[in-house]
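**Student:** structure of the sequence below:
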Amino acid sequence: MSIETARAHLARFGRDSDVIETAESSATVELAAAALGVEPARIAKTLGFYDADGGAILVVAAGDARIDNAGFKAAFGLKAKMLKGDDVERLSGHAPGGLCPFANPPEAKVYLDESLRRFASVFPAVGNAASAVELTPEDIEQVAEPEGWVAVTK
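**Tutor:** So this is what the prediction gives:
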């Protein structure tokens, strides 16, 4: 999958025209913040972890948030183990650097971290390493179609 599939997903909500494509890479929080001219904390990074069956748990968190291992274990019943590079695209449908909460396979479960609620709007990627969309926490809850909200960062 790619920016085209993520954009098609956003089109279902009338948000495809809001996609921002940057000339520079936005593959990391710092690069995305620089490309978009926003503070790094407002970049909504999507972090991929293995679930108990070897599938993917995708957690969308504020750019300055770090995974709290105790919180992750409380929420998901297992230790946080990040997806390896080779597994990111296979399990999420998006390549590293473009991992996002949109247009993922049904087996990849998306969760939104409470750290996002601090901001009026955040900027998740849209399927590649040079894209983003500005969304409010309410908007991202609608368009990402998550399993729910979790508190797994500090």
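
**Student:** in three-state terms, label the residue most central in space within the chain for me.
**Tutor:** Most central in the chain under CA atoms, centre = their mean is residue 46, positioned 2.6 Å from the mean C-alpha point. With DSSP: H, G, I helix; E, B strand; the rest coil as the basis, the three-state label of residue 46 is strand.

**Student:** low-confidence ranges, the protein, go.
**Tutor:** Applying pLDDT under 70 to the chain picks out residues 1.

**Student:** isn't residue 51 up against residue 75?
**Tutor:** No: applying CB atoms under 8 Å as the test, residue 51 and residue 75 come out as separate, 11.6 Å apart. Glycine gets a C-beta too; all of them are placed from N, C-alpha and C.

**Student:** for residue 61, list each beta-bridge partner.
**Tutor:** The partner list for residue 61 in beta bridges (DSSP bridges) reads residue 45.

**Student:** number of nearby residues for it?
**Tutor:** Using other CB atoms under 10 Å, residue 61 has 23 neighbouring residues.

**Student:** ok, for residue 89, nearest residue in space, not its chain neighbours?
**Tutor:** Sequence neighbours aside, residue 95 is the residue nearest to residue 89 in space, at 4.8 Å (criterion: CB to CB, 6 or more residues apart in numbering).

**Student:** now do the contacts for the one you found.
**Tutor:** Applying CB atoms under 8 Å, 6 or more residues apart in numbering to residue 95 gives the contacts 2, 88-89, 128-129.

**Student:** which one of those is nearest to residue 34?
**Tutor:** Proximity of those to residue 34 (CB to CB) peaks at residue 129, which lies at 13.3 Å.

**Student:** which one of residue 51 and residue 75 has more residues nearby?
**Tutor:** Per other CB under 10 Å, whichever of residue 51 and residue 75 has more neighbours is residue 75, with 19 against 16.

**Student:** helix, strand or coil for the more buried one?
**Tutor:** Taking three-state DSSP as the rule, one finds residue 75 in the helix state.
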